[in-house]
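S.K.: fold the following for me, if possible:
(2 chains)
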Amino acid sequence: MKQNQFVKLHKQRWTEFETMCTESPAPANFPLEYRRICSDLALAKTRHYSPALVANLNDLVKLGQSVLYSGESIGFTRIWSIFKSEFPKALYTCRNFIWAALTAFWGLSLIAFFWIQNSPDAIYHFVSPDQLNDIADMYNPAGAVQTDKRTMDADVLMFGVYIYNNIGIAFQMFGAGALFCIGALIPLLFNSFYFGAISAYIVELGYNEPFFSFVITHGSFELTAIIIAGAAGCKLGFDLLSPGKYSRAYIMKKTGLEVLPLIVGAFVMLVVAAFIEAFWSPLNIPSVYKYSVGSILWILISYKLYTGTRYGT
Amino acid sequence: MITQGLNNSFANTLPEGVSINLTPAGISIRTKAYLFDFLLRSVVMLAFGFIFGFMGKAGTGLFLVTYFLVTWGYYILFESLSGQTPGKKRYKLKVVQDNGLPCKINHIVLRNLIRPADSFPFAYLIGLIVMALNYQFKRLGDWAAGTMVVYVEDKVSFSTQQNSNISPPKIQLSTEEQLSLIMYAERCHTLSSARQEELANILTDIITTQDNTASEAVKEIAQYYSGQAT
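M.R.: Down below sits the predicted model:
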């Protein structure tokens, strides 16, 4: 068939297809029409029609493709559905890394805790005296921070700090973990050591009550989420380091999509943690409420983590 | 599956049995797009900073939340909408999957969350090195998500000199060969006439004349093919 004949025969269908691509939702016969355009392109190529015609049909195929295969856009329902169903599944597939990260975090913070408890002066090796004074002021039951009434705008300020800082750290750990785990391990271990050492220091000072009643509730979400983000980053980096039977290019793609629900889950948990930390934890109510709510959340999180890593539910 | 042509574009085979061409975007144009996006984000953050500046402590809190959303969400939002951030749109780039299909949301989130690794230790150094080491200019985030940044191509139109005559070739040529004839005709004005004749004389198989009329003959054939645009 001559090219002019071919064009004359199909020209109308091509223009119709172009308008079809702009319609939303796409008409029911769209996939059929798309396949016909594809076959037109194949014909034009094998018959060596002119480059311009081939290029035009190529554009049409790309246009149709972008309509036919368009992805869903981001939304809260999507994030929630990932959190509900894909997050536990990912916990199961990455369970070794989750357990390793949990052990590393709590193990190192316990070591730090007992170390500082046995030799309190050792903390000055790691934290500057100014910083320690600030921390001591914050949790001093007679100090300004504990006795002053927290106002609403201070709560909002702290909410911003927690969102920006904590979720930023989690994302950093995940992303930088791709660099052979280093970017995830260092912040994870640093935070664990810091947390253990500061806890011991506070206990040493005798400020247990304000400190633990403050951290217990949001700690359940926050610390676990940070550990999960670290584990996700570590898995990415470790698989890149030792890809097994796959090529490195392929393993990155495979692992990347595997661990993505973990970081989405950690994100949701950290948003919840930021709300609790900013608006619940500083409330001026008897500590017993905070301890009971905190304990319930810890039990819940531990249970979810167990069923996730054990059964994927 | 993927073959690369001379002009750096990849022919990508689709499940529908045809292949389409994609041209990956290189380091310099992506840097420009990044800088444009960076500028835009800075302006937005300045504006927010100005507004929230009047709101005291709560304003600072809201500013930090906005800062977080803009730094991490800017790329995810725009790329999930159309595959193009404003910077990419300006420089006619687009994020697509390896096989040329539009990205799904999880690809977009992944490729943007790996940014810390690419930007390590500063100024996207690792990302630049990784990009320079592969033909599709993928940074680490692109490798993890299975995406690449390609040029959005303009509609192709071929314009050879309109005043020349048209004559069909002696034998049927393949599309690639037709294309090279048209490209020859298009860039003829950049060559000296002696060089034009020299090049055209290689094609004695398909043109009837030789020597100093050969170039004209090739242009006529090119006109014949480019005239058949549709």
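S.K.: please count neighbours and contacts with C-alpha atoms only from this point.
M.R.: Fine.
S.K.: which residue does chain B have closest to chain A?
M.R.: residue B:61 (3.5 Å; Cα to the nearest Cα).
S.K.: element containing that residue?
M.R.: Assessed by DSSP states H and E, residue B:61 sits inside helix B:56-82.
S.K.: burial of residue A:77, as a residue count?
M.R.: A total of 9 residues lie near residue A:77 under the criterion other Cα atoms under 10 Å in any protein chain shown.
S.K.: relative to chain B, how far out is it?
M.R.: 13 Å (Cα to the nearest Cα, to the nearest Å).
S.K.: how near is that residue to residue A:260?
M.R.: 17 Å (Cα to Cα, to the nearest Å).
S.K.: ok, residue A:97 next?
M.R.: 14 Å.
S.K.: so between these two, which is more surrounded?
M.R.: residue A:260 (26 against 21).
S.K.: what sits against that one?
M.R.: For residue A:260, the contact set (Cα atoms under 8 Å, 6 or more residues apart in numbering or on different chains) comprises A:232, B:106, B:110.
S.K.: recalculate using a threshold of 10 Å.
M.R.: Residues counted as contacts of residue A:260 (Cα atoms under 10 Å, 6 or more residues apart in numbering or on different chains) are A:82, A:86-87, A:90, A:174, A:229, A:232-233, A:236, A:266, B:106-107, B:109-110, B:113, B:145.
S.K.: so where's the chain uncertain?
M.R.: You didn't pick a chain, so chain A it is. By pLDDT under 70, the low-scoring segments of chain A are A:71-74.
S.K.: try again with chain B
M.R.: For chain B (pLDDT under 70), the answer is B:1-7, B:155-164, B:209-211, B:227-230.
S.K.: could you list everything the residue nearest the centre of it pairs with in the sheet?
M.R.: For chain B, the residue nearest the mean C-alpha position is residue B:151 (1.8 Å; Cα atoms, centre = their mean). Beta-bridge pairing for residue B:151 (DSSP bridges): residue B:93.
S.K.: from residue A:267, how far out is the residue of chain B closest to chain A?
M.R.: 18 Å.
S.K.: swap in residue A:183?
M.R.: According to Cα to Cα, residue A:183 stands 18 Å off from residue A:267.
S.K.: residue B:118 too?
M.R.: The spacing between residue B:118 and residue A:267, counted by Cα to Cα, is 21 Å.
S.K.: same deal with residue B:184?
M.R.: 56 Å.
S.K.: settle it for me: which of the two has more neighbours?
M.R.: Between residue B:184 and residue A:267, counted using other Cα under 10 Å, residue A:267 has the larger neighbour count: 25 against 20.
S.K.: may I have the phi/psi pair for the more buried one?
M.R.: Per-residue torsions, residue A:267: phi -60, psi -50 (degrees, to the nearest 10).
S.K.: for the closest residue to it other than its chain neighbours, grab the count of nearby residues.
M.R.: Excluding its sequence neighbours, the residue lying closest to residue A:267 (Cα to Cα, 6 or more residues apart in numbering or on different chains) is residue A:167, at 6.5 Å. Per other Cα under 10 Å, the neighbour tally for residue A:167 reads 26.
S.K.: no further questions, thank you.
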